[in-house]
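[1] whatever this is, show me its structure:
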Amino acid sequence: MKFGIAMPSRLPIREQMKLAQTCDENEISVWVPDERFYRDVFVTMAGIATATSRTTIGTGVTDPLIRHPLLTATAMASVHELSGGRAIMGIGAGISGFDALGIKRISPATALRDAVKVCRQFWNDEAVTFEGKTFTAKNAHMHFESKQVPVYIAGRGPQILAAGGEMGDGVIIGHFTSKPGISFCQENIEKGLQKRDTTMAKPEIALWAYTSVCENGTLARNAVKPAIGRTLKSTPEVLELFGVKAPGLLDEINRFGYARSREYDEAMWAAVPDELTLHLSISGTPKECVEQLQRIAACGVTHIIALPYPAEGMGPVEMADLLRKEVFPQARDF
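    Numbering: from 1, shown residues only. Now for the predicted structure:
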């Protein structure tokens, strides 16, 4: 099993570069969030590219709507060149900052498919003329030599997962960390695989996971519960998928919406049952996290990307060190 870490968006770029150097030394992939309005994803990736020499550097993840896909393709090609061919374009449907920027989330699965198609044409030195539902291009041509950038398609909905199976060099499953959720995703990935060009290798199956590790397992589970609440806000139907009974949980989540506050966090600590953290996170003591990784590996996932949620009193770099020293080494052979 391979491992990656999403760079904590709140860290200054030079601190992210320093953390990435540690990842580089320990064969851990690096993923940079494209979230509004934090430090620019491509500026950060460029800094990390200059600070590292071996690890892959992915967007975790971008989308087809926040900027024109050909501008994203140009930025990705630039990072790919700077890093010596180590960039990955992680791309999903997107939502971050859309309301603030007046962007409408129209036909996200179609937009994603169209974006992947034109990016690959662009990287292949083809002139791109395209007119779709969400963007257009007229005789656009990249003005420097580029190589193909691997594309990992991220999501947890059926249409996006099927697109990943059909088109992606990799598929990133969003937040499902137990057999029911992973199996659901694999079924939809398989639908896409049936339409896949037979000349393409099978995609790598990766998992984007809310992650918290701490010697105090309760604190670790509490750390991921607010994020789990936001996932349930957007996809409440997964409760039925997991067979978890949590009376009043959705009402409590809807009371806050997407707001982030100490009051919301405390409400989620009380309302989200520990059972649910097994389905939507990797969290607990180092030993418990290793056990979870073993179960995930048995489902066919080969690459875990940890999105750090440090326990109260712990910083993201400290938590990343704990993963690097006490969790990942014990799970590499799974």
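[2] can you tell me the SS state at the residue of the chain positioned farthest from its centre?
    The centre of the chain is farthest from one residue, Asn139, which by Cα atoms, centre = their mean lies 32.1 Å away. Judged by DSSP: H, G, I helix; E, B strand; the rest coil, the three-state class of Asn139 is strand.
[3] ok, and what's touching the strand or helix carrying Ala111?
    Assessed by DSSP states H and E, Ala111 sits inside helix 108-123. Contacts with helix 108-123, where a contact means Cβ atoms under 8 Å, 6 or more residues apart in numbering, come from 63-65, 69-70, 72-74, 76-77, 89, 91-94, 128, 130, 132-135, 137, 140, 142, 146-149, 151, 153, 157, 159-160, 163, 167-168. All C-beta atoms are positioned from the backbone trio N, CA, C, and that covers glycine.
[4] before we move on, the earlier item: okay, the residue farthest from the centre of the chain: pLDDT?
    Note for Asn139: predicted pLDDT of 97.
[5] ok, it - contacts?
    So Asn139 contacts Ala127, Val128, Thr129 (Cβ under 8 Å, 6+ apart).
[6] may I see these arranged in JSON lines, with distance to Phe3 and pLDDT as well?
    Below are the contacts of Asn139 laid out as JSON lines (distance: Cβ to Cβ, whole Å; pLDDT from 0 to 100):
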{"residue": "Ala127", "distance to Phe3": "40", "pLDDT": "96"}
{"residue": "Val128", "distance to Phe3": "36", "pLDDT": "97"}
{"residue": "Thr129", "distance to Phe3": "41", "pLDDT": "98"}
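[7] from the residues you listed, pick the one nearest Met1.
    Val128 (37.4 Å; Cβ to Cβ).
[8] now the helix holding Ala111: buried residues?
    For helix 108-123, the neighbour count (16 or more other Cβ atoms under 10 Å) marks 108-109, 111-116, 118-123 as buried.
[9] closest to Leu322 among these?
    Leu112 (34.5 Å).
[10] longest helix of the protein?
    helix 217-234 (DSSP state H).
[11] next structured bit after it?
    Counting by DSSP H and E, the next helix or strand C-terminal to helix 217-234 is helix 238-242.
[12] what angle do the helix or strand following that following helix and helix 217-234 make?
    Stepping forward along the backbone from helix 238-242, the first helix or strand reached (DSSP H and E) is helix 249-256. Going by axes from the mean of the first three to the mean of the last three Cα atoms, to 10 degrees, helix 249-256 is angled at 80 degrees with respect to helix 217-234.
[13] tell me the buried residues in helix 249-256?
    Leu249, Glu252, Ile253, Phe256.
[14] and that helix, what does it pack against?
    Other helices and strands packing on helix 249-256, by 3 or more Cβ pairs under 8 Å, 6 or more residues apart in numbering; DSSP states H and E, are helix 217-234, helix 262-271.
[15] give the buried residues for the last one.
    Spelled out, that is helix 262-271. In helix 262-271, counting by 16+ other Cβ under 10 Å, buried: Tyr264, Asp265, Ala267, Met268, Trp269, Ala271.
[16] how about stretch 128-135?
    Val128, Phe130, Gly132, Thr134, Phe135.
[17] and for it, what's in contact with it?
    By Cβ under 8 Å, 6+ apart, stretch 128-135 touches 64-65, 68-70, 106-107, 110-111, 114-115, 118, 121-122, 136-141.
[18] centre of the chain to it, how far?
    Stretch 128-135 sits 26 Å away from the centroid of its parent chain (Cα atoms, centre = their mean, to the nearest Å).
[19] what is the end-to-end distance of that stretch?
    Taking Cα to Cα, to the nearest Å as the measure, stretch 128-135 stretches 12 Å from start to finish.
[20] just to revisit the earlier point, C-alpha coordinates for the longest helix of the chain, CSV please?
    Coordinates of each C-alpha in helix 217-234 appear next as CSV, following Å, rounded to 0.1, in the frame of the first residue of the first chain:
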residue,chain,number,x,y,z
GLY,A,217,-8.5,7.5,20.5
THR,A,218,-11.5,9.5,21.7
LEU,A,219,-9.8,12.8,20.9
ALA,A,220,-8.8,11.5,17.4
ARG,A,221,-12.4,10.4,16.6
ASN,A,222,-13.7,13.8,17.8
ALA,A,223,-11.3,15.6,15.5
VAL,A,224,-12.9,14.1,12.4
LYS,A,225,-16.6,14.3,13.5
PRO,A,226,-17.1,17.9,12.3
ALA,A,227,-15.8,16.9,8.8
ILE,A,228,-18.1,13.9,8.8
GLY,A,229,-21.0,16.1,9.6
ARG,A,230,-20.2,18.3,6.5
THR,A,231,-20.1,15.1,4.4
LEU,A,232,-23.5,14.0,5.7
LYS,A,233,-24.8,17.5,4.9
SER,A,234,-24.1,17.0,1.2
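[21] following the helix holding Ala111, which helix or strand comes up?
    strand 128-131.
[22] partner strands of that following strand, with direction?
    Neighbouring strands of strand 128-131 in its sheet, by DSSP bridges, are strand 136-140 (antiparallel).
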